[in-house]
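Participant: Got a predicted structure here, sequence first:
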Amino acid sequence: EAQVTQNPRYLITVTGKKLTVTCSQNMNHEYMSWYRQDPGLGLRQIYYSMNVEVTDKGDVPEGYKVSRKEKRNFPLILESPSPNQTSLYFCASSLGDRVYNEQFFGPGTRLTVL
Amino acid sequence: QKEVEQNSGPLSVPEGAIASLNCTYSDRGSQSFFWYRQYSGKSPELIMSIYSNGDKEDGRFTAQLNKASQYVSLLIRDSQPSDSATYLCAVNNPGYSSASKIIFGSGTRLSIRP
């Protein structure tokens, strides 16, 4: 089954404790992206990657890191989480075509930083 | 001005009626337009994509695109309670070299009343 998976689905942590949220897709998509979703603010892009070893900042990159060592994986790293990073996080992937670029989303990770 | 604007709702529609959702966008160069449905706490799910002016129908859903007026709409015929969700409009941003810079609206919450 074609899908985007994320782990963990739920995470409660404390300020300053480094964490990683994994994302993996099995569709051979070139493009992958991370979003956060907060009430009233919609989906905001954190980072995206156009291909292996190619990443770029989205609209809200502060406090986050990413890496793209393999085509299928795109982990999101919070080196020192803070309470304002409490949010619902989605990973997405797409073929990366210039126009026909429907994005497919993972199930989401609900993060709470105390 | 937001790049992609939607009325946040809630939009309340009686069961069996037509639900009409609207979205405007700011960049005249945008080429691809998407409607996603998102149930509370779940990930966005692509329901329609449209790339050229006019109407595109898929079952009970019709997407309408008017590039001259910079709006895209989604009609849902014979509305069902299961259509109650938040609908996200998404538009590609042609200013980016990658096709996959997608801008999301904040979403319209739709409620179908029995």
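Facilitator: That came through, no problem. Numbers count the residues shown, from 1 in each chain, chains lettered A, B, ... in the order given.
Participant: The worst-scoring helix or strand of chain B on mean pLDDT pairs with which strands, parallel or anti?
Facilitator: Lowest by mean pLDDT, DSSP states H and E among the helices and strands of chain B is strand B:102-104, with a mean of 86. Using DSSP bridges, strand B:102-104 pairs in its sheet with strand B:85-92 (antiparallel).
Participant: Would you mind listing the outside residues contacting the partner strand?
Facilitator: Applying CB atoms under 8 Å, 6 or more residues apart in numbering or on different chains, the external contacts of strand B:85-92 come out as A:42-43, A:99, A:101, A:103, B:3-4, B:6, B:21, B:23, B:25, B:27, B:30-40, B:44, B:72, B:74, B:99-105, B:107-110. (Glycine included, C-beta is placed from N, CA and C.)
Participant: Those in strands, which ones?
Facilitator: Among those, the ones falling in strands (DSSP state E) are A:42-43, B:4, B:21, B:23, B:25, B:33-38, B:72, B:74, B:102-104, B:108-110.
Participant: list the contacts for B:Ser111?
Facilitator: B:Ser111 neighbours (CB under 8 Å, 6+ apart): B:9-13, B:84.
Participant: Now, of those, which are buried?
Facilitator: B:11, B:13, B:84 (16 or more other CB atoms under 10 Å in any protein chain shown).
Participant: B:Asn22 reaches B:Gln70, doesn't it?
Facilitator: No. The criterion here is CB atoms under 8 Å, and B:Asn22 misses it with B:Gln70 at 11.4 Å.
Participant: follow-up on the earlier one: restricted to strands, list the contacts of B:Ser111.
Facilitator: Using DSSP E, the contacts of B:Ser111 in strands are B:11-13.
Participant: Name the nearest of those residues relative to chain A.
Facilitator: B:Leu11 (16.5 Å; CB to the nearest CB).
Participant: ok, the closest one touching B:Ala17?
Facilitator: No. B:Leu11 is beyond contact range of B:Ala17, at 11.1 Å (criterion: CB under 8 Å).
Participant: Kindly reformat the contacts of B:Ser111 as a markdown table containing pLDDT and distance to chain A.
Facilitator: Shown next, in a markdown table, are the contacts of B:Ser111 (pLDDT from 0 to 100; distance: CB to the nearest CB, whole Å):
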| residue | pLDDT | distance to chain A |
| --- | --- | --- |
| B:Gly9 | 86 | 12 |
| B:Pro10 | 92 | 14 |
| B:Leu11 | 95 | 16 |
| B:Ser12 | 96 | 19 |
| B:Val13 | 96 | 22 |
| B:Ser84 | 97 | 18 |
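Participant: just checking, B:Glu15 touches B:Ser84?
Facilitator: No. Applying CB under 8 Å as the test, B:Glu15 and B:Ser84 come out as separate, 9.9 Å apart.
Participant: Stretch B:49-67 and chain A, any residue contact?
Facilitator: Yes. Applying CB under 8 Å from any CB of the partner chain, one finds stretch B:49-67 in contact with chain A at B:49, B:51.
Participant: pLDDT weak spots in the chain?
Facilitator: I went with chain A, as the question did not name one. A:97-100 (pLDDT under 70).
Participant: was after chain B, sorry
Facilitator: Applying pLDDT under 70 to chain B flags residues B:1-2, B:94-100.
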